[in-house]
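Asks: how does the following fold in three dimensions:
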Amino acid sequence: MSGLVLEAASVRLGPRTVLNGVSCALAAGELLGIIGPNGAGKSTLLRVLAGLLRPHAGSVRLDGRELQAWPPAERARRIGYLPQSAPVHWPLDVRTVVELGRLPWQHGWFSVDEAAPAAIAAALRDAEVEDLQGRLVDELSGGERTRVMIARLLAADPTILLADEPVAALDAYHQLHAMEMLAERAARGTAVAVVLHDLSLAARFCDRVLVLDHGAVVACGKAREVLQPPILEPVYGVRMRVIDEEGVTAIIPWQRR
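Replies: As a prediction, this is how the structure comes out:
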């Protein structure tokens with residue numbers, strides 16, 4: 001099967017099983033939302049899909065081939081990964097940080113990445129950080145820095161894009177903008193998986209949703225079928241209210257059970 005496929009993957013961190021027999025698939029042209037309470041295994045799942053963590057059992061395949069069998073450089077070009085609170089350890093200016101997204105496409109010190117200028121310009125524009133490109137990243141707010149890291153991710157132009165809570169530090173305008181960018185990439189054929197806590201954003205933008213709880217898959221399917229109180233309330237321990245307005249669904253955590 002083409003795309004990224006995880007089959008019966010289990011991960012242990014010390015004595016604790018963080019993922020337990022998780023299977024999922026991510027295909028080109030779709031936006032998959034990964035949701036669940038704190039500690040459910042969402043970030044671990046994304047790291048496994050990115051090839052940064054090997055499962056103790058099960059397998060991860062990219063286009064039918066074991067993920068770890070792909071050459072690291074090719075894997076880096078195919079899969080883009082944005083962790084939570086992505087750190088920048090040097091006082092670099094914004095443009096340089098975004099340019100670093102093109103590193104997987106460098107084949108040596110003296111190679112020329114002819115696609116880089118257009119990709120970098122498009123990423124700066126799409127993430128709306130053109131006006132920040134001369135500033136140092138360590139002088140930015142948390143939300144501004146997140147937008148810069150999203151731009152760096154877009155500059156790499158991966159065929160598979162994995163983002164861990166990319167909207168957590170953003171204001172309402174930029175949350176919608178970030179999700180619109182991810183949905184637009186999916187519409188252009190990129191396979192996108194995003195970890196979210198905002199259930200309304202998941203309902204509005206995701207094609208499919210995977211629900212994790214205690215390291216196991218509770219449900220996975222079309223967003224409108226999965227994001228329903230009978231599935232969500234036992235997982236979150238919260239009564240949910242679902243509101244449909246002008247064709248848009250909002251899911252409101254209403255009361256602790």
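
Asks: so, low pLDDT: which residues of this structure?
Replies: 1-2, 108-112 (pLDDT under 70).

Asks: nearest the geometric middle of it, what residue?
Replies: The C-alpha lying nearest the average C-alpha coordinate of the chain belongs to residue 163 (C-alpha atoms, centre = their mean; 1.9 Å).

Asks: put the alpha carbons of the helix or strand containing that residue into PDB.
Replies: Residue 163 belongs to strand 160-164 when assigned by DSSP states H and E. Taking Å, rounded to 0.1, in the frame of the first residue of the first chain, the C-alpha atoms of strand 160-164 are listed here in PDB:
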ATOM      1  CA  ILE A 160       4.200  13.500   4.200                       C
ATOM      2  CA  LEU A 161       3.700  16.200   6.800                       C
ATOM      3  CA  LEU A 162       3.500  15.400  10.500                       C
ATOM      4  CA  ALA A 163       2.700  18.200  13.000                       C
ATOM      5  CA  ASP A 164       2.400  17.900  16.800                       C
END
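
Asks: packing partners for it?
Replies: Where contact means 3 or more C-beta pairs under 8 Å, 6 or more residues apart in numbering; DSSP states H and E, strand 160-164 is packed against helix 42-49, strand 79-82, helix 142-155, helix 172-187, strand 191-195. Bear in mind the C-beta positions are built from the backbone N, C-alpha and C, glycine included.

Asks: quick one: strands adjacent to that strand?
Replies: Partners of strand 160-164 in the sheet, by DSSP bridges, are strand 79-82 (parallel), strand 191-195 (parallel).

Asks: so which of those is the most packed in?
Replies: Among the strands paired with strand 160-164, strand 191-195 has the highest mean neighbour count (mean count of other C-beta atoms under 10 Å), at a mean of 27.

Asks: for the helix or strand just after it, buried residues please.
Replies: For strand 191-195, the following helix or strand on the C-terminal side (DSSP H and E) is helix 199-205. Residues of helix 199-205 classed as buried: 199-205 (neighbour count, 16 or more other C-beta atoms under 10 Å).

Asks: starting at the chain centroid, how far to whichever helix or strand comes after helix 199-205?
Replies: Following helix 199-205 in sequence order, the next helix or strand is strand 208-213 (DSSP H and E). The chain centre lies 13 Å from the centre of strand 208-213; the measure is C-alpha atoms, centre = their mean, to the nearest Å.

Asks: which helix or strand lies directly C-terminal to strand 208-213?
Replies: Beyond strand 208-213 toward the C-terminal end (DSSP H and E), the next one is strand 216-222.

Asks: any idea which helix or strand carries the closest residue in space to residue 80 that isn't next to it in sequence?
Replies: The spatially closest residue to residue 80, leaving aside those adjacent along the chain, is residue 158, at 3.4 Å (C-beta to C-beta, 6 or more residues apart in numbering). Take DSSP H and E as the rule and residue 158 turns out to sit in neither a helix nor a strand.

Asks: any idea how far the closest residue in space to residue 67 that isn't next to it in sequence lies from residue 68?
Replies: Nearest residue to residue 67, sequence neighbours excluded (C-beta to C-beta, 6+ apart): residue 60, at 4.2 Å. For residue 60, the distance to residue 68 equals 8 Å [C-beta to C-beta, to the nearest Å].

Asks: which residues do the two both contact?
Replies: Overlap of the contact sets of residue 60 and residue 68 (by C-beta atoms under 8 Å, 6 or more residues apart in numbering) consists of residue 51.
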